[in-house]
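Enquirer: have a look at this prediction, sequence included:
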Amino acid sequence: MTALPETRIQGLKTNFHLMGIIEEISVQEKVAHSESTKVSCELCEEENEATHRCLDCAQNVCPNCRKTHLRCVTTSNHTVATFEEIRQGKVTVKKSANEDQTRCQKHRGEVKRFYCETCLELICRDCTVVDHCKPNHHYVDSGEASIKYKQSLKDMLSDFDVDIKVLEQSLAASSQAKQKFAQSVTRTVKAVKKRADKLRAEIAIQEKMLIRGIKQIQQDRNRMYDKHQEKVSQLLQGKQHSVEVAKGVASTASDNDFLSLYPVINKDLKSLKGPTPPQIDSMLSYLSFTPGQTEINLGKLEEKVRKWEMCCKFDHTGGGLGGVMFTVGITGTVCGEIALVKYFNKKVLLCSSDGQVKEKIPVQSSPWDIAAIHNHDNQLVVVDDTKYVKVFNKKNELAFQFPTVPQSEVDKADMNFSSVAVKEDGTILVGDVNRMVWTEHRPTDGALLCTIPVQTPPCYLAVDDHTDRVVVSGGGSQKVDIASSNGTILATIKPSINGQQVQHCHGVCCDSSGTYIAVCNEPDTGHIHHYDLDGNFLACVVQGLHVPFGITSTPDRKLAVGDGHAVKMYHKV
């Protein structure tokens, strides 16, 4: 699919190379069909049968016209081939596209000898008078233009040589670092396995010793149990035997025999009845295992964790930022600058990474937030206290403005733009805290693409380019929602300081490591909290801020925070 330029179809470039190939195939097909169809000469009036073709003039000729054609001074150097030679591919059909490329398509017979630098195209002498006349157009001789732009291209390519070398060095450094990391992984895995093997060996030794001790205790106590059972069994058998004898004598013996045996039996029974049976020590059955007090610990992994430290501060006093107040919105541009909005001063400032003001863009109303479209135009999008979103071009001029509702509804709509963000493809997101929505707009003209309802006031917005998730910071609502691109809530963050939920959630920004949120209670209690992409707390990276509002991640992986009257830059060390 090809997008038409402003001049519509007339503005499309001709692919002369492709046209030449098509023409060659077309000619060969026509010649192939000439065996069965008579082809007439295109030069003579007699319409004699053509047997040859002039490849320079692209005309079929008869034998007589061929002779005449080759005798003329202007055509004597032309290539005239027979149809049979063309059919067999012995000659290549010359592409008239080369000639067409130098001849003007608008003015027949004219050659393109000039180059219009305004329109960037070749033109003929008539074009310089009709369509490309001065002073609106500037043109030069095509030869001069060719030399000029070849040199320009050469200069441009020399810059690319430097860029390519830097990228190659960066790639080599990355490869070396990756290789070094792979070696570290191998070394660390070996260390873990070695430590685990050692602990396993020590545990195995302790296990054998404990089990050996248990077995020895078992043998000793089993002997004691056996002796006790043997003694008790003997007593049991003796009593059972005496009872049986006494019962037998009492039931079967005569009176005389019974009375004669009674004293013996009575004495025997009394002797067996008296002794208490031997008792077994109840403690012999007790055996248990008490785990050691020292927990098994293989160790822990160690990483070098970088900490965030302030590397620069833009003070509002003096000439630096011109005594401005309250940076409520801030963003990083593709060229490494910091763009920020000053609500009370009605200004948009462009600053270098060290805080030097490079450009001041006055705006008619108080701006709330700003975002950068990372395209070739380096556009800036600003929301203020009007009903229109402003887009500024790379010359810092107002390119266009647009509403977030159909034009017919602007006057009736109760809008309050508080935030703006930009997706990786340039789509503009605008947060409206009155209507409780974010709207999405086309970056070229601001056309409304969709409206997404939200549950948290969109005081600040950010987009995670890796997952296309939208982070909605709710200001005084004390929470931050992470939503899918269609507005579905995936996670809700309720930041806290010292165990107490914060009073205000302000600026948010995202990078590959997660989401950063500016939070605070009363002045001088501001923090920057770091969360993963699912909303889980990772760390508090900055403390002691005055009143943090806007926050952004710069292309060189720094954090820029609009902290009350100042802008503070942080980097990892």
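Expert: Thanks, I have it.
Enquirer: list phi and psi for Lys494.
Expert: Here is the backbone geometry of Lys494 (degrees, to the nearest 10): phi -120, psi 90.
Enquirer: so it touches Gln478, yeah?
Expert: Yes. Shown here, Lys494 and Gln478 form a contact pair, counting by Cβ atoms under 8 Å, at 6.5 Å. Placement of C-beta: from N, CA and C, glycine included.
Enquirer: which one of those two has more residues nearby?
Expert: A direct count of neighbours by other Cβ atoms under 10 Å for Lys494 and Gln478 places Gln478 higher, at 16 against 12.
Enquirer: name the nearest residue to the more buried one, sequence neighbours excluded.
Expert: Of all residues not flanking Gln478 in the chain, Gln501 sits nearest, at 5.6 Å (Cβ to Cβ, 6 or more residues apart in numbering).
Enquirer: so what pLDDT did that neighbour get?
Expert: Gln501 is assigned a predicted lDDT (pLDDT) of 94.
Enquirer: can you report how many residues lie near Asp354?
Expert: 10.
Enquirer: ok, Val547 next?
Expert: Neighbours of Val547 using other Cβ under 10 Å come to 18.
Enquirer: so Asn136 touches Thr118, yeah?
Expert: Yes. Look at Asn136 against Thr118 with Cβ under 8 Å: they come within range, at 7.2 Å.
Enquirer: what about the two, which has more around it?
Expert: Using other Cβ under 10 Å, the more surrounded residue of Asn136 and Thr118 is Thr118, with 11 against 7.
Enquirer: and the closest residue to that one other than its chain neighbours, how far from Ile164?
Expert: Distances taken as Cβ to Cβ, 6+ apart place His137 nearest to Thr118, at 4.4 Å, with adjacent residues excluded. Separation of His137 from Ile164 (Cβ to Cβ, to the nearest Å): 36 Å.
Enquirer: which parts of this structure belong to which domain?
Expert: 16-143, 166-280, 318-572 (automatic domain parsing).
Enquirer: hey, which of these is tucked in deepest?
Expert: Highest mean neighbour count of these: domain 318-572, a mean of 18 (counted as mean count of other Cβ atoms under 10 Å).
Enquirer: which one of the domains of the chain lies nearest to Gly292?
Expert: domain 166-280 (8.5 Å; Cβ to Cβ).
Enquirer: and that closest one, how far out from the chain middle?
Expert: 63 Å (Cα atoms, centre = their mean, to the nearest Å).
Enquirer: quick revisit: how far away is the residue nearest to Gln478 from Leu284?
Expert: Taking Cβ to Cβ, one finds Gln501 at 61 Å from Leu284.
Enquirer: ok, Gly499 next?
Expert: 54 Å.
Enquirer: repeat for Arg435
Expert: For Arg435, the distance to Leu284 (Cβ to Cβ) stands at 83 Å.
Enquirer: sorry, back to before: mind putting the domains of the chain in CSV, distance to Leu153 included?
Expert: Below are the domains of the chain laid out as CSV (distance: least, Cβ to Cβ, whole Å):
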stretch, distance to Leu153
domain 16-143, 13
domain 166-280, 20
domain 318-572, 18
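Enquirer: for the record, mean pLDDT for stretch 505-515?
Expert: For stretch 505-515, the per-residue pLDDT averages 92.
Enquirer: where does pLDDT dip in the stretch 51-200 of the chain?
Expert: Residue ranges of the stretch 51-200 of the chain with pLDDT under 70: 92-101.
Enquirer: the strands in it, which residues?
Expert: 52-54, 59-61, 80-82, 114-116, 121-123, 139-141 (DSSP state E, counting those that start in this stretch).
Enquirer: now the ones you listed as JSON lines including distance to Lys568?
Expert: Listed next are the strands of the stretch 51-200 of the chain as JSON lines, based on distance: least, Cβ to Cβ, whole Å:
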{"stretch": "strand 52-54", "distance to Lys568": "78"}
{"stretch": "strand 59-61", "distance to Lys568": "78"}
{"stretch": "strand 80-82", "distance to Lys568": "79"}
{"stretch": "strand 114-116", "distance to Lys568": "51"}
{"stretch": "strand 121-123", "distance to Lys568": "51"}
{"stretch": "strand 139-141", "distance to Lys568": "52"}
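Enquirer: for Gly514, find the nearest of these.
Expert: strand 121-123 (49.9 Å).
Enquirer: to Thr515, which of the strands of the stretch 51-200 of the chain lies closest?
Expert: That would be, of those and by Cβ to Cβ, strand 121-123, which comes in at 49.1 Å.
Enquirer: how about the contacts made by the residue sitting nearest the centre point of the chain?
Expert: A centroid search over the chain (Cα atoms, centre = their mean) returns His466, at 2.3 Å, as the residue closest to the centre. The contact partners of His466, by Cβ atoms under 8 Å, 6 or more residues apart in numbering, come to Ser512, Leu533.
Enquirer: can you tell me the SS state at it?
Expert: Judged by DSSP: H, G, I helix; E, B strand; the rest coil, the three-state class of His466 is coil.
Enquirer: per-residue pLDDT, it?
Expert: 84.
Enquirer: next SSE downstream of the biggest helix by length in the chain?
Expert: Counting by DSSP state H, the longest helix found in the chain is helix 142-252. Downstream of helix 142-252, the first helix or strand assigned by DSSP states H and E is helix 255-273.
Enquirer: partner strands of the helix or strand just after that following helix and their direction?
Expert: Next along the chain after helix 255-273, taking DSSP H and E as the criterion, comes strand 308-314. Using DSSP bridges, the strands paired with strand 308-314 in its sheet are strand 566-572 (antiparallel).
Enquirer: pLDDT averaged over the strand it pairs with - what is it?
Expert: Rounded mean pLDDT across strand 566-572 is 91.
Enquirer: contact partners of that strand?
Expert: So strand 566-572 is contacted by 306-316, 321, 327, 330, 338, 340, 351, 353, 355, 528, 541-542, 545-546, 554, 557-561 (Cβ under 8 Å, 6+ apart).
Enquirer: try 7 Å this time
Expert: 306-316, 327, 330, 338, 340, 542, 558-561 (Cβ atoms under 7 Å, 6 or more residues apart in numbering).
Enquirer: ok, stretch 498-515 next?
Expert: 460, 462-464, 466, 471, 473-476, 478-480, 494-496, 516-521, 530-533, 538, 548-553.
Enquirer: before we move on, what about stretch 486-497?
Expert: By Cβ under 7 Å, 6+ apart, stretch 486-497 touches 452-455, 469, 478-484, 501-502, 505, 517, 519, 521, 525, 527, 529, 531, 534-535.
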